[in-house]
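Colleague: requesting a structural model of the entry that follows:
(2 chains)
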Amino acid sequence: MINLTVDGILQEGASASDGFGLFTSKSVVAMRVNGELRDLAHKLADGDVVEGVEISSEDGLNILRHSAAHVLAQAVQTINPEAKLGIGPPIRDGFYYDFDVVDSFTPEDLKALEKQMERIIRSGQRFVRRVTNDGDARIELSGELYKLELIGLKGSDLGEGSAEVGAGELTIYDNVDPQSGETVWRDLCRGPHLPNTRMIGNGFALTRVAAAYWRGNENNKQLQRIYGTAWPTKDELRAHQERLEEAARRDHRRLGTELDLFSFPEEIGSGLAVFHPKGGIIRRVMEDYSRKRHEESGYDFVYSPHITKSNLFEISGHLGWYADGMFPPMKMDEEIDENGVVRKQGQDYYLKPMNCPFHILIFKSQARSYRDLPLRMFEFGSVYRYEKSGVLHGLTRVRGMTQDDAHLFVTPDNMEQELTDVIGFVLGLLRDYGLDDFYLELSTREEGNPKFVGADDIWEKATATLQKVATATGLELVPDPGGAAFYGPKISVQARDAIGRTWQMSTIQLDFNLPERFDLEFTAADGSKQRPVMIHRALFGSIERFFGVLTEHYAGHFPPWLAPVQVVGIPVADAFSDYLHSVAAELRKHGVRVMVDDSDDRMQKKIRNHTKDRVPFMLIAGGEDADSGAVSFRFRDGSQENGVPVDVAIERILEAIKTKAQV
RNA sequence: GCCGACUUGGCGCAAUUGGUAGCGCACCUCACUUGUAAUGAGGUGGUUAGGGGUUCGAGUCCCCUAGUCGGCUCCA
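Modeller: Below is the predicted model:
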């Protein structure tokens, strides 16, 4: 008889000695004992504080997925005993397991492995924890070289490998066949696990195979990784798969083709996009509005060339630490005349990977006074970065892009006000584009790491300032210690889209390095020379990327102010084309992007076409409408409103455009 | 960059074990003139990403190059 506190209630003289006795609900799959996750089989001691872990909780799902990963590994080694085990942790929505195998897995292999997993699951093997020690484990797992490496690393920072060996005792989980009582498989593992494999149920699926570097280091061997997903029920698995399908339907690469917005012609090269007329309208409207807002907020518009002599990026330091990410130089060789005299000096020119040094030169073009500051320079600056081929992804990771880039040169005294203004500006503008669910991330330096440049006091002041202005927004603030660039701390704005995915949008970054390198200064009120602080800030990140994010956010249903075609007129029959043309002419006078579909398709076909094209307003007119001076609205969702007087219809359309409403 | 898969007319897809490229949409022509998601008929269009090889014969097999996709690593 022991005393336990179970789910917050004190049980004196409890008869149960483990979780099986304590929790009768089948949905409790593990427990927290004094804060530590334990198997249900864990023997409880007097005074323990115990909480049941529901399978649908975050901990429960992780345990389910981790157990599924074990079953996958067992299945792989059943089919291929030569496979060596890497690590197999739970991840968001699922799990993976890494294997060292001679031949990589195929989709057919996955089918076979799923079948094998089902067999293991149905056999109801028990997961049994066994404490071991380094020496015994090394003997027992002598064939598993990766596991041996993990044993050697026990206690150090393993990242995802921490599912294998934790800080406490070294443990192995045996899979015990319930009929024979024999151990049929084992894995080095910290646990905990489900009581038995049967509880994994049928809500799992293997999803894909991929290569992954052992312990995440690209200098290490690549292992074959199998990804899977696992849920408490088949229905939840199905719901997850439907979420993936919804994301696929919204994929901007697919919509870019379907809606004729942009393409990546192979002839131009990887990661280099062209915008088609319809995408061009959206982009231009995005840019126009951004320009207008910047103008209203006191930014100066500047322009700079796409290429520069190497010298500029030597001063900035980019060639020193970032040359791999830049396109290689255009070499202008020196010319020597017949007398051996250098007529023209050789030069390397580079495509710019960033705009800051150019803006700095504008700052330096004259002596600056504290009265000039803050100085805010804005440019839609096109930059080129030689991203590795494997990382390119639609518009969100490209090699040529245009940043909505600004650099603010401020005095240390300006800093707080300026940062407050910038963050307000950023959030306001993002909201205008239809994103309104944000959180902030504050990236700070790692204490004691010498790679971070700049004086301690200015780091402290800058970090405190960022913290203060970020907190003042009232948004959730996630710390990112050690995530700062070496030259300064930053705030990044993370936005959640319509289906809950988060995208890193704007960054606001302080820079103590470039003002130093370029020896920037201004004359203070007391006549002394002082160094300004630089703030880098991009709202969209890049226009291309933001375009991609908005496309996915709206699933192609751009709000009227952004839609390439805002209104399309559809006559019920040819005879009503002229009537709709006159309505269109009136709309056009107000700057509305409108067309009348007077092709000889049938009306139903036109409705179908323009619905698929995501035109926000379809205006339909036939005899009834023409007679009464009205039109009928049809919207993208299929709803309709008939007999709306033309002037009312026009007013509604103009209002929706003006207010940036979604329809 | 690494591992794997993939690349067939503008788009989406077919083509038994290698036997000599088809379909839908789009496009063009003609007819039809229609009240809320596909009118009918006819037609144009591909040396199967590019190059090389094996073979009597290659979209199908092999190699190289480019591109795409999924991951890994990376993202100043």
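
Colleague: so A:Gly223 bridges to which residues?
Modeller: For the record, residue A:223 is Leu, not Gly. A:Ala212 (DSSP bridges).

Colleague: ok, the one residue in the stretch 351-500 of chain A that gets nearest to RNA strand B to A:Gly271 distance?
Modeller: Using C-beta to the nearest atom of the strand, the closest approach of the stretch 351-500 of chain A to RNA strand B is made by A:Gly390 at 1.9 Å. Every C-beta, even on glycine, is put in place using the N, C-alpha and C of the backbone. The gap separating A:Gly390 from A:Gly271 is 11 Å, by C-beta to C-beta, to the nearest Å.

Colleague: more neighbours, the two?
Modeller: Using other C-beta atoms under 10 Å, the more surrounded residue of A:Gly390 and A:Gly271 is A:Gly271, with 22 against 6.

Colleague: mind telling me what element that one is part of?
Modeller: Using DSSP states H and E, A:Gly271 maps to neither a helix nor a strand.

Colleague: so what's it up against?
Modeller: A:264, A:387, A:392, A:397-400 (C-beta atoms under 8 Å, 6 or more residues apart in numbering).

Colleague: may I see the buried residues of the single longest helix found in chain A?
Modeller: Looking across chain A with DSSP state H, the single longest helix is helix A:58-79. Buried positions in helix A:58-79, judged by neighbour count with 16 or more other C-beta atoms under 10 Å: A:59-78.

Colleague: A strand includes A:Leu148, no?
Modeller: No - A:Leu148 sits outside any strand when classified using DSSP: H, G, I helix; E, B strand; the rest coil, being helix.

Colleague: how close does A:His66 sit to A:Pro232?
Modeller: A:His66 is 14 Å from A:Pro232, by C-beta to C-beta.

Colleague: residue numbers of the stretch 101-250 of chain A in contact with RNA strand B?
Modeller: A:104, A:106, A:208-213, A:216-218, A:222, A:224-225 (C-beta under 7 Å from any atom of the strand).

Colleague: farthest pair within those?
Modeller: Longest distance between any two of these is 26.4 Å, between A:Thr106 and A:Asn217; criterion C-beta to C-beta.

Colleague: with adjacent residues omitted, what lies nearest to A:Ala239?
Modeller: Leaving out its chain neighbours, the residue that sits closest to A:Ala239 by C-beta to C-beta, 6 or more residues apart in numbering is A:Trp231, at 8.0 Å.

Colleague: residues contacting that neighbour?
Modeller: A:61, A:64, A:203-204, A:237, A:239-240.

Colleague: picking that back up, can I get the CA coordinates of the longest helix of chain A in PDB?
Modeller: The C-alpha trace of helix A:58-79 is given here as PDB (Å, rounded to 0.1, in the frame of the first residue of the first chain):
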ATOM      1  CA  GLU A  58       1.300  16.000 -27.400                       C
ATOM      2  CA  ASP A  59       3.200  13.600 -25.300                       C
ATOM      3  CA  GLY A  60       0.900  10.700 -26.200                       C
ATOM      4  CA  LEU A  61       1.200  11.300 -29.900                       C
ATOM      5  CA  ASN A  62       5.000  11.400 -29.600                       C
ATOM      6  CA  ILE A  63       5.000   8.100 -27.800                       C
ATOM      7  CA  LEU A  64       2.700   6.600 -30.400                       C
ATOM      8  CA  ARG A  65       4.900   7.900 -33.200                       C
ATOM      9  CA  HIS A  66       8.100   6.800 -31.500                       C
ATOM     10  CA  SER A  67       6.600   3.300 -31.000                       C
ATOM     11  CA  ALA A  68       5.600   3.200 -34.700                       C
ATOM     12  CA  ALA A  69       9.200   4.100 -35.600                       C
ATOM     13  CA  HIS A  70      10.400   1.100 -33.600                       C
ATOM     14  CA  VAL A  71       7.900  -1.200 -35.400                       C
ATOM     15  CA  LEU A  72       9.200   0.300 -38.700                       C
ATOM     16  CA  ALA A  73      12.700  -0.500 -37.800                       C
ATOM     17  CA  GLN A  74      11.800  -4.000 -36.700                       C
ATOM     18  CA  ALA A  75      10.000  -4.500 -40.000                       C
ATOM     19  CA  VAL A  76      13.000  -3.300 -42.000                       C
ATOM     20  CA  GLN A  77      15.300  -5.700 -40.100                       C
ATOM     21  CA  THR A  78      12.900  -8.500 -40.600                       C
ATOM     22  CA  ILE A  79      12.900  -8.000 -44.300                       C
END
